[in-house]
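In: What follows is a protein structure lacking sequence information:
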């Protein structure tokens, strides 16, 4: 039985916080792989219209390059409309019957679990893994494994804002991702911002 962690998100852009969480959970739970699963349209928030799915996918490929335990699971990008985790997990469990799945969520999502679509079905399809986020409670009535992850207070929205203002994002996300953002002029950038 392969043990696979799933880290979902918009990855707009992917940053070191994502990579740190994935690596810590991989190690702590002795998983075989981590699948990064970009959302097409997450039901709980509207995706910024700033970049195309292909750009998010390419940035994610660049971010995880060189780590053989990391790969991309594009199942939600391949479907239209809102992505409900319960539908995704039904499909993945059917396709990969020899896998055990661990769905990684931040503490902000743990508080939100009661509102997840068909949560009572979902908890029987996947093991939730919670990671700490500052100022969020880990109290829940649902079965969640916890993994302590060093705090890194960085978010994709903060990075997008810094890029738009021409501020440095060095050491917040991998250099190949920064290069791609500059090359494609993503997030409103028109000049080099690496050393700003």
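Out: Structure's in. What do you need? Bear in mind the structure is a predicted one, so any value in this text is a computation, not a measurement.
In: isn't there a strand covering residue 35?
Out: Yes. Per DSSP: H, G, I helix; E, B strand; the rest coil, residue 35 lies within a strand segment.
In: Local confidence estimate at the closest residue in space to it that isn't next to it in sequence?
Out: Nearest residue to residue 35, sequence neighbours excluded (C-beta to C-beta, 6 or more residues apart in numbering): residue 73, at 3.9 Å. All C-beta spots, glycine's among them, are computed from the backbone N, C-alpha and C. For residue 73, the pLDDT comes out at 97.
In: Now do the same contact list for residue 73.
Out: By C-beta atoms under 8 Å, 6 or more residues apart in numbering, residue 73 lies in contact with 6, 35, 36, 37, 92.
In: What distance do you get for residue 87 to residue 169?
Out: Distance, residue 87 to residue 169, using C-beta to C-beta, to the nearest Å: 34 Å.
In: if I've got this straight, residue 13 is in a strand?
Out: No. Assessed with three-state DSSP, residue 13 is coil; it does not lie in a strand.
In: what number of residues lie near it?
Out: When neighbours are counted by other C-beta atoms under 10 Å, residue 13 registers 28.
In: what's the answer for residue 5, then?
Out: The burial count for residue 5: 26, using other C-beta under 10 Å.
In: Show residues contacting the helix or strand of the chain with the lowest mean pLDDT.
Out: Scoring the helices and strands of the chain by mean pLDDT, DSSP states H and E places helix 107-112 at the bottom, with a mean of 83. Outside helix 107-112, the residues that touch it by C-beta under 8 Å, 6+ apart are 44, 128, 130, 131, 132, 133, 136, 137, 138, 139, 140, 144.
In: No further queries at this time; thank you.
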